[in-house]
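Trainee: One predicted model, sequence on top.
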Amino acid sequence: DTAVSQTPKYLVTQMGNDKSIKCEQNLGHDTMYWYKQDSKKFLKIMFSYNNKELIINETVPNRFSPKSPDKAHLNLHINSLELGDSAVYFCASSQVVWGTNEKLFFGSGTQLSVL
Amino acid sequence: DQQVKQNSPSLSVQEGRISILNCDYTNSMFDYFLWYKKYPAEGPTFLISISSIKDKNEDGRFTVFLNKSAKHLSLHIVPSQPGDSAVYFCAASVSGNTPLVFGKGTRLSVIA
């Protein structure tokens, strides 16, 4: 069983469209994250939810809206897509929130291409 | 502002030899460090970690060394195997305060 699964794996869309990426974890973790890996290859945190509550919101445009219906799911909705949104988006989960043994489990990523 | 730096984008090593991947950090408050390994089209997977109270942690063929005064850590893989070919990310955090901050990664190629 895949521990952290995200769909779709590839997403190609036109500028201005709205799209969603879904993420689910079956590890029983309380904390979930969205990371973005841009063209410069940095993995940067975007959001983090702990038990359905938003705890991290980095300086991300408000076109990006995370939604956590329950602690096993964290979806990412993106409005009015722009060329610069093209990147690989990774979902992750962890058992603790920034604990001394924080270890993230990542999904396989969603390659978003905005044309 | 890059708080975690991996200055070598790539590294090639012969099978059976030692691979040494380096990582530097700027935030002296970081007290927990991890290495992640990533294969193409997959997410990063946890490899090994070290707390700032230690200067070395070993797990099989993988050893991480931490030099706090130099703000430097390294990952040693001995002996290197072709299956170790992947991108390796260094990450750091301040326990209980910040989420993980990642470097850009180093692509390791182990040549048979």
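Mentor: Done, it's in. Numbering: from 1, shown residues only, chains lettered A, B, ... in the order given.

Trainee: give me every residue that touches the closest residue to residue A:43 other than its chain neighbours.
Mentor: Leaving aside its sequence neighbours, residue A:43 sits nearest to residue B:102 (C-beta to C-beta, 6 or more residues apart in numbering or on different chains; 3.9 Å). Where C-beta positions appear, they are placed from N, C-alpha and C, glycine not excepted. The neighbours of residue B:102, taking C-beta atoms under 8 Å, 6 or more residues apart in numbering or on different chains as the test, are A:35, A:42, A:43, A:44, B:4, B:36, B:89, B:90, B:91.

Trainee: Among these, which has the minimum pLDDT value?
Mentor: Lowest-confidence member of those: residue A:42, scoring 84 (pLDDT).

Trainee: my read: that residue touches residue B:91, true?
Mentor: No: counting by C-beta atoms under 8 Å, residue A:42 stays clear of residue B:91, with 11.2 Å between them.

Trainee: Report the set of residues contacting both of those two.
Mentor: Contact criterion C-beta under 8 Å, 6+ apart; residues shared by residue A:42 and residue B:91: B:102, B:103.

Trainee: who's more crowded, these two?
Mentor: Neighbour count, other C-beta atoms under 10 Å in any protein chain shown: between residue A:42 and residue B:91, residue B:91 has more, with 24 against 17.

Trainee: which one among the contacts of residue B:102 gets closest to residue A:96?
Mentor: Relative to residue A:96, the closest of these is residue B:91; by C-beta to C-beta it sits at 15.3 Å.

Trainee: What strand or helix carries that closest one?
Mentor: Here residue B:91 sits within strand B:86-93, counting by DSSP states H and E.

Trainee: and after that strand, which helix or strand comes next?
Mentor: Following strand B:86-93 in sequence, per DSSP H and E, is strand B:101-102.

Trainee: Mind listing the strands the lowest-mean-pLDDT helix or strand in chain B pairs with, and their directions?
Mentor: For chain B, the helix or strand with the lowest mean confidence is strand B:101-102, at a mean of 92 (criterion: mean pLDDT, DSSP states H and E). Strand pairing for strand B:101-102, using DSSP bridges, gives strand B:86-93 (antiparallel).

Trainee: Pull out the buried positions in the strand it pairs with.
Mentor: Within strand B:86-93, the residues that qualify as buried are B:86, B:87, B:88, B:89, B:90, B:91, B:92, B:93, counting by 16 or more other C-beta atoms under 10 Å in any protein chain shown.

Trainee: next one: stretch A:49-67
Mentor: A:49, A:50, A:56, A:60, A:64, A:66.
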